[in-house]
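In: sharing a model prediction with you, sequence too.
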Amino acid sequence: MSEISNQLIDYILIPKNDTQRLVKLSKNDSGVHEQSNYNILWNANQAIHEILKTSTDVEDARESLFDYLFLREKSLLNGDEQYHPLEKNIILESINVLKTIISLSSEERTGVSDLEILFNLAKGYPAKANITQGFLLEFVHLFRAISGLSGVYSHSSDQNNVPEAGLKKGREAAIDRSNTLDREEQKFDAIVRQYPTGLQPDVIRDREIHKQRILQYFNASEQDWRNYRWQIKHVIRRADVLKQLIDLTADEESAIRIANENRIPFGITPYYVSLMDKNPSRRRDYSVRAQVIPPLNYSQTVAENKNQRSEKFDFMGERDTSPIELVTRRYPQIAILKPYNTCAQICVYCQRNWEINQVLDPHAFARQDAIEEAMQWFENHPSIQEVLITGGDPLIMSDVKLNYIIGRVAEIEHIERIRIGTRMFVVLPQRFTDNLVEIIAKYHELGKREVAVVTHFEHVWEITPDAVQAIEKVRNRGISIYNQAVFTFANSRRFELVALRRQLRLAGIDPYYTFNAKGKDETREYRVPIARLLQERKEEARLMPGLDRTDEPVFNVPRLGKNHLRSGQDHQILSILPDGRRIYEFLPWEKNIKLVSTYTHTDVSIFEYLKMLQKRAENIDDYHSIWYYY
Ligand code: SF4
């Protein structure tokens, strides 16, 4: 653990008027936090403290706390208390969150009683659980919000410059507003520009030098580099080879070695290695290294469970949504076809890492009889109007096989759209030969059948001249390309996705989905709190023109499919674990259509996430409002 995060363990971060500050926590001789530390919590809402302190037992506290919250809500709704409508909205939302958390139904659902923990703390009784900073901070913020002290708006430097209705009118008001918006834009544009794109001249120059080094190592030519077959043949599968091309940290090297020894899929195309800096500081290439170089914990966890891969790592429960081999179905009109089970390189947090055996697996093409049965299944299901051909990465298949698969699907009368899921633009743009583009394009018939491509850029750093050229070839044939990004720790800093969206649109790709990283244990370092995804959408994406922010932030509910996170009424917080992780309940997309089970999900701790950001030299004060996204 770094020096910074050690420091944070002893400090607590609290909002104070217009800034956040760290307050030193005191410990007794045995290293246990002193009771006085909890004053930070109780000062956040003294009424709640009083209720907890004076209640006879937990049930008494529940009744009194509900009464307090209902009364507070009533007085706000009746206008008895004067708050700015936006602050009032935060108070009301926070009241609702606390009501749900202290309810018996949440406790039954999660097996956790936050009320009991708070009651014991207020009474000075021994805590039954190990209370962490993350837990305390959640309640400090919740209590402060209910007191009307969230501090969200006091951070805004322009708060006094927003023209109040009635003060200024007409042109004068418009000029004021325009000036305010200019300042806002300049502020965020300066942040966006801190994220270098792969199209910048200095980056192109650095990568050219790097490419020459790689070519020299393989004793290859420029012509080889442009040939996707050469790229595939030279996919880097071992740490000792990768070490010759870029510098690795000790952890990176160990993680790859463990992966190699335990036959955990690992591989990187020479092209993608050329997007990495030689130096392992990850200053610019964090997201690219994180994409393919597994963290030590990942390799260790997967190695320990390598004999139970499908049970342990099938987070989406695909085995329960596969009506026939090679097919996955979660929605009425679309189903997935997986004829090819490998990729040119392996993403660490791949949803299907439990199915893929190795990079460029020579046995990845499905059995002919299984393909024919899958085709028959589609023919027998006229409700399916769209087929997503994915894998693995189907564009790694030979042209002949790909042509056969797309052609077979196109023969099915009721299939109106064929969607191809591929990362080739990102990891191997050389794959888009004229022949490949021709194969894809010939099934795209306006008025009859659409072929669309869905890809997966994670970072603006991945958008290169080669990628743009490949995109252009496909777009020139009238085919739309959409992007599905996964929101991970590697691309979740302020305005990092804004930078990606902007360049994607310029390159000819529509942002389509932003996925919350799957709640998989082996990739916990990649996960980002749902609150951060909601914050990104509201405070960053929302500032862009509508055509740039066409992506929908989603949480993928195992077995059932995507839950739109912007739909606040489709999820709620049930509880906060003593270690600071929120437990959410997700209402599946079928809500209001038919009764299906809801899904309970344990998120990652906001406090732990902020500590990790601080390790990356982020100013956590810039994320201050994260606590108020539920
Ligand atoms: S390209 Fe897709 S299927 Fe292949 S490893 Fe990456 S996420 Fe998994």
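Out: Arrived safely, thanks for sending. Every value quoted in this text rests on a predicted model; they were computed, and no experiment measured them. Residues are numbered from 1 along each chain as shown.
In: wait, Ile479 touches Ile439, no?
Out: No. Using Cβ atoms under 8 Å, Ile479 makes no contact with Ile439, being 11.5 Å away. For every residue, glycine as well, the C-beta is placed using N, CA and C.
In: please report how far Ala517 lies from Leu446.
Out: 37 Å (Cβ to Cβ, to the nearest Å).
In: scratch that, Arg144
Out: Counting by Cβ to Cβ - Arg144 and Leu446 are separated by 56 Å.
In: same drill for Ala517 and Leu446, tell me which one is more crowded.
Out: Neighbours per residue (other Cβ atoms under 10 Å) separate Ala517 from Leu446, with Ala517 holding more: 23 against 7.
In: enumerate every residue touching that one.
Out: 349, 486-488, 523, 526-528 (Cβ atoms under 8 Å, 6 or more residues apart in numbering).
In: the residues you listed in strands, which ones?
Out: Mapping those onto strands (DSSP state E) picks out 486-487.
In: need the three-state assignment for Trp354.
Out: coil (DSSP: H, G, I helix; E, B strand; the rest coil).
In: what does the closest residue to Tyr526 other than its chain neighbours show for phi and psi?
Out: Spatial nearest neighbour of Tyr526, chain neighbours left out: Thr488 (4.2 Å); criterion: Cβ to Cβ, 6 or more residues apart in numbering. Main-chain torsions, Thr488, degrees, to the nearest 10: phi -120, psi 180.
In: contacting residues for the closest residue to Ser147 other than its chain neighbours?
Out: Leaving aside its sequence neighbours, Ser147 sits nearest to Asn45 (Cβ to Cβ, 6+ apart; 4.8 Å). Taking Cβ under 8 Å, 6+ apart, we find Asn45 in contact with 143-144, 146-147.
In: where's Pro362 relative to the ligand, distance?
Out: Here Pro362 is placed at a distance of 16 Å from the ligand (Cβ to the nearest ligand atom, to the nearest Å).
In: can you check Leu547 too?
Out: 26 Å.
In: can you tell me the SS state at Pro553?
Out: Going by three-state DSSP: Pro553 is strand.
In: for the ligand, see how far away it is.
Out: In terms of Cβ to the nearest ligand atom, Pro553 sits 18 Å off from the ligand.
In: that residue contacts Lys562, correct?
Out: No. Counting by Cβ under 8 Å, Pro553 stays clear of Lys562, with 9.8 Å between them.
In: shared neighbours, those two?
Out: Jointly contacting Pro553 and Lys562 under the rule Cβ under 8 Å, 6+ apart are Tyr513.
In: still on that earlier bit, among the contacts of Ala517, name the buried ones.
Out: 349, 486-488, 523, 526-528 (16 or more other Cβ atoms under 10 Å).
In: ok, and which of those reach the ligand?
Out: Among the buried ones among the contacts of Ala517, no residue sits close to the ligand (Cβ under 6 Å from any ligand atom).
In: what is the most widely separated pair among the residues you listed?
Out: Phe487 and Thr523 (12.7 Å; Cβ to Cβ).
In: and Pro553 and Lys562? which has more neighbours close in?
Out: Using other Cβ under 10 Å as the criterion, Pro553 and Lys562 rank with Pro553 on top: 22 against 18.
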